[in-house]
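> Sharing a model that was predicted from the sequence below.
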2 protein chains.
Amino acid sequence: MAASTLTEVARLAGVSPATASRVLNGSARKPGPGVSERVRQAAETLGYIPNAQAQALAKSSSGLVGLIVHDIADPYFSAIARGVQEVAREQHKMVLLATTGGTPADEKEAVAAFAARRADAIVIAGSRSRRPEDEKGNADLAAELDRYCRNGGHVGVVGQAIVGAGALDGYHLVEVPNEELAMELAGKLAASYSGDFVIIGGPEGLITSDDRIRGFQSGLAAAGRPAAEVLRASFNRAGGYEAGLELARRIQDARASGASKEGEKPGLCILAANDVMAIGATAGLRSQGFRIPRDALIAGFDDIETLRDFRPGLSTVRLPLEEIGRLATLSTAGAEAPDGGDGHDDDGPSVTGQVTLRRSTEWTP
Amino acid sequence: MAASTLTEVARLAGVSPATASRVLNGSARKPGPGVSERVRQAAETLGYIPNAQAQALAKSSSGLVGLIVHDIADPYFSAIARGVQEVAREQHKMVLLATTGGTPADEKEAVAAFAARRADAIVIAGSRSRRPEDEKGNADLAAELDRYCRNGGHVGVVGQAIVGAGALDGYHLVEVPNEELAMELAGKLAASYSGDFVIIGGPEGLITSDDRIRGFQSGLAAAGRPAAEVLRASFNRAGGYEAGLELARRIQDARASGASKEGEKPGLCILAANDVMAIGATAGLRSQGFRIPRDALIAGFDDIETLRDFRPGLSTVRLPLEEIGRLATLSTAGAEAPDGGDGHDDDGPSVTGQVTLRRSTEWTP
DNA sequence: AATTGTTGGGAAAGCGCATTCCCACTGCAT
DNA sequence: ATGCAGTGGGAATGCGCTTTCCCAACAATT
């Protein structure tokens, strides 16, 4: 038994398919009450479900919004996804999910797939990369997105503009002031802690990571501190863990050489480029017997919800992730904010975060 | 500029649409090499992207798999989602996401939407409910799913069968032995801890929660312990937190009345129905000055990845969430396992978990 | 009473593609 | 030379729906 069609409903109701379509789906023309009732009845008894594919084909609008993330199980992305999903729901759309691990080639493919499905909008979350080996991939991705935009698509971009994309309408950027917030965080920490800083960042070229690192450094510089060393690792918990092990080794060395003493003051303050790296680093340090904040201070970035109960409380920058997802999706919805401006998309909505200091950076001599 | 169509490509290549279709999409008939090359060229220069909607309409198979979760930002669901996504990717399908908060009415709607999009499969994760107020909703959901199945759809169900669904082919259950594992966990804890137990569960009627609670109780009973009291709260961090506050109050009372003394032994062992509730409860207890495991032991369920670095390490039951998502999706893929059986779907694949004891339940007198 | 709107409904033309026929042509055996 | 299977390509139909256009019936206007 195949699903029943509009035509069958129409036949059962004794009307034309056109009329059935008008009553069952929101049309401008409302047929008379008697006819409407008959059609609705027929649809009910047949268990009619409109074929969204056919509808999309006929009116060329699919009610789909595509979402591209690195990894849906990463709490950073799942929080954004929740926001996207919410807005989609409000707008009676469905979200199509693609996870790419951050590989531009995969992202390009995802965009193509979304374009093939004629998604009304694409939200692309997750950091772009500037690594030389990604250059080709980025160019391809940009080209694919440009094409999508030229064909009337809207893309909501989280964080930073697409590398190499044209200045097309259709792009809507939700800016996240990573650098400024990182600077603020570093500044606040520098005010209360006088020791060394070290930064744990993602691979070089990952824009979000680089922005935050740059912010950390400016914050330190503004406070009259020397630039911090930057440890590179993968932008996740595992990367943080490795970096944590490396730092544990250094603290041990410093103590062995008498440059620092246990219990005196924390050997260093670690600035991690995101929360999960910070947690990973903490785990790495702990595995070597070090404790936070006794032996080292540490701060993260994002304020991941699931991690807020972590002990000691992780100092971080709270980012309204869900809101970011919402805004990115809303911005694609066509309803341009009526700001009396140049007509151009005025850089889209922008969000801000909030430096949040907790126990992990509290040092009481 | 609208996206170019197959017909345009065909015209540019000087062939018929039929031929163009044959070369650009996998058809049984392969046109000659010269023609193929011309068509491919034309497609390239035009930036042709096939219209998936039209393709789906023409061959009635959409390449879509629908995923229903309560909340994509919940690490339990996002882990499953990752598994689903992986398999979908392997099979060159896309996943359509719907979040419902667990409301049967919303889930029914999601199923209808998936059916409308002619999704090849639906994976429904997230606990069903038996609450009386959900009865109507469940029946509707079951009816919708049944209809979807009868129309040839496949649905992968995580955890427990759909309440009220018919015994149709098309349903594929990935069983999770919640009760057995909960029993095992409770048993192991009862072996090393002689005090009182209390259970923090989700709302009554939530099947996953109820199964686990039942398992806890059997485990205690098997160890010769009295049944534990069950505190009901919402099945998330907030619910756990509230329950934690309540338990803090009780511990305080017990101490005030001299029934228990600080530092003597943990006042009780808390069995939470999932990890996030356990974390919430821990936070609640801590907010009142209590510490784990000094003042109370606590265990969770799921072994959420993000929570593994939590201190003290949370005793829990490790569930292969990602694998569960994978299996649920794979089971819908039509390739029935060739088990020499009754031809029926042999209960589908099943997974198991692993009791994992950590510091949160370690009591050293 | 004749004309002009106005309304409610149907017929038909796509939307972009897959696919089933059908036809012209080749190479081979007869 | 005639018949045949085999091959590469096109014409046409249909997937299920929306929408424009058209037509009949009726009410409202001078």
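Looks like it arrived, so ask away. Here the structure is a predicted model, which is why all the values come from computation and not from measurement. Numbers count the residues shown, from 1 in each chain, chains lettered A, B, ... in the order given.
> what about the nearest residue to A:His92 once chain neighbours are set aside, distance to DNA strand D?
Nearest residue to A:His92 in three dimensions, chain neighbours excluded: A:Gly63, at 6.8 Å (Cβ to Cβ, 6 or more residues apart in numbering or on different chains). No exception for glycine: its C-beta is placed from N, CA and C like everyone else's. Distance, A:Gly63 to DNA strand D, by Cβ to the nearest atom of the strand, to the nearest Å: 11 Å.
> near DNA strand C, which residues of the stretch 51-200 of chain A show up?
A:Ala54, A:Leu57, A:Ala58, A:Ser60 (Cβ under 7 Å from any atom of the strand).
> Break chain A into its domains for me.
For chain A, automatic domain parsing gives the domain ranges A:6-50, A:62-175, A:178-318+A:352-361.
> Point to the residue nearest the middle of chain A.
Nearest residue to the geometric centre of chain A (Cα atoms, centre = their mean): A:Ala125, 3.8 Å.
> In terms of pLDDT, where does it sit?
Per-residue pLDDT puts A:Ala125 at 94.
> Now do the contacts for it.
By Cβ atoms under 8 Å, 6 or more residues apart in numbering or on different chains, the contact set of A:Ala125 is A:67-70, A:77, A:80-81, A:84, A:158-159, A:324-325, A:328.
> Spatially nearest residue to it, not counting backbone neighbours?
Leaving out its chain neighbours, the residue that sits closest to A:Ala125 by Cβ to Cβ, 6+ apart is A:Val158, at 4.2 Å.
> Wait, that neighbour touches A:Ile80, no?
Yes - taking contacts as Cβ atoms under 8 Å, A:Val158 lies within contact range of A:Ile80: 6.6 Å.
> Give me the more crowded residue out of those two.
A:Ile80 (30 against 26; other Cβ atoms under 10 Å in any protein chain shown).
> Make sure the more buried one is indeed in a helix.
Yes - using DSSP: H, G, I helix; E, B strand; the rest coil, the assignment for A:Ile80 is a helix.
> which residues touch it?
Contacts of A:Ile80 by Cβ under 8 Å, 6+ apart are A:Val69, A:Ala125, A:Val158, A:Leu321, A:Glu322, A:Ile324, A:Gly325, A:Ala328.
> State the helix or strand in which the closest residue to it other than its chain neighbours lies.
For A:Ile80, ignoring the flanking residues on the chain, the nearest one in space by Cβ to Cβ, 6+ apart is A:Gly325 at 3.8 Å. According to DSSP states H and E, A:Gly325 maps onto helix A:321-331.
> which residues sit in contact with the nearest residue to A:Ser16 once chain neighbours are set aside?
Among residues not flanking A:Ser16 along the chain, A:Ala10 sits closest, at 5.9 Å (Cβ to Cβ, 6+ apart). Contact analysis of A:Ala10 by Cβ under 8 Å, 6+ apart lists A:Ser16, A:Pro17, A:Thr19, A:Ala20, A:Val39, A:Ala42.
> and with 7 Å instead?
Shown in contact with A:Ala10 (Cβ atoms under 7 Å, 6 or more residues apart in numbering or on different chains): A:Ser16, A:Pro17, A:Thr19, A:Ala20.
> Can you tell me which of the residues you listed has the largest number of neighbours?
Ranked by the number of neighbours (other Cβ under 10 Å), those place A:Ala20 first, at 28 neighbours.
> Please tell me I have it right and it contacts A:Ala13.
Yes - A:Ala20 is within contact range of A:Ala13, at 6.4 Å (criterion: Cβ atoms under 7 Å).
> shared neighbours of these two, which are they?
Here A:Ala20 and A:Ala13 share the contacting residues A:Val39, scored by Cβ under 7 Å, 6+ apart.
> quick one, longest helix in chain A?
When chain A is parsed with DSSP state H, its longest helix is helix A:237-256.
> Do whichever helix or strand comes after that helix and chain B come into contact?
Downstream of helix A:237-256, the first helix or strand assigned by DSSP H and E is strand A:268-272. No - Strand A:268-272 is not in contact with chain B by Cβ under 7 Å from any Cβ of the partner chain; minimum separation 13.1 Å.
> Could you list every helix and strand that the helix or strand following strand A:268-272 packs against?
Proceeding N to C from strand A:268-272, the next assigned helix or strand is helix A:275-287, under DSSP H and E. Helix A:275-287 is packed against helix A:237-256, strand A:268-272, strand A:296-299, with contacts defined by 3 or more Cβ pairs under 7 Å, 6 or more residues apart in numbering or on different chains; DSSP states H and E.
> for A:Ile200, what are its contacts?
Neighbour list for A:Ile200: A:Leu231, A:Ala233, A:Gly240, A:Ala243, A:Ile270, A:Ala272, A:Ala273, A:Met277, A:Ala281 [criterion: Cβ under 7 Å, 6+ apart].
> returning to that earlier point: can you pull the pLDDT of the residue nearest to A:His92?
The predicted local confidence for A:Gly63 is 92.
> ok, it - contacts?
A:Ala52, A:His92, A:Lys93, A:Met94, A:Asp120.
> Now, the contacts of A:Ala10 that are in helices?
Per DSSP H, the contacts of A:Ala10 map to helices at A:Pro17, A:Thr19, A:Ala20.
> Am I right that the first one is in contact with A:Leu6?
In other words, A:Pro17. Yes - contact criterion Cβ under 7 Å: A:Pro17 and A:Leu6 qualify, at 5.5 Å.
> Reformat the ones in helices among the contacts of A:Ala10 as TSV; add pLDDT.
Converted to TSV, the ones in helices among the contacts of A:Ala10 look like this (pLDDT from 0 to 100):
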residue	pLDDT
A:Pro17	90
A:Thr19	91
A:Ala20	91
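> Spell out which parts of the stretch 1-150 of chain A neighbour chain B.
A:1-3, A:47, A:49-54, A:56-57, A:62, A:71-73, A:75, A:78-79, A:81-82, A:85, A:94-99, A:112-113, A:115-118, A:147, A:150.
> So which of those residues are in strands?
Counting by DSSP state E, the part of the residues of the stretch 1-150 of chain A next to chain B found in strands is A:Met94, A:Val95, A:Leu96, A:Leu97, A:Ala98, A:Thr99.
> returning to that earlier point: determine which two of the contacts of A:Ile80 are furthest apart.
For the contacts of A:Ile80, the maximum inter-member distance is 13.7 Å, found between A:Val69 and A:Glu322 (Cβ to Cβ).
> Give me the more crowded residue out of those two.
The residue with more neighbours, out of A:Val69 and A:Glu322, is A:Val69; 28 against 19, by other Cβ under 10 Å.
> ok, that one touching A:Ala81?
Yes - the pair A:Val69 and A:Ala81 passes the contact test of Cβ under 7 Å, sitting 6.4 Å apart.
> just checking, what packs against the longest helix of chain A?
strand A:196-201, helix A:275-287.
> so can I have a markdown table of those showing mean pLDDT?
Converted to a markdown table, these look like this (pLDDT from 0 to 100):
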| stretch | mean pLDDT |
| --- | --- |
| strand A:196-201 | 96 |
| helix A:275-287 | 96 |
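> I'd like these as a markdown table, with distance to A:Val174 appended.
Listed next are these as a markdown table, based on distance: least, Cβ to Cβ, whole Å:
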| stretch | distance to A:Val174 |
| --- | --- |
| strand A:196-201 | 22 |
| helix A:275-287 | 20 |
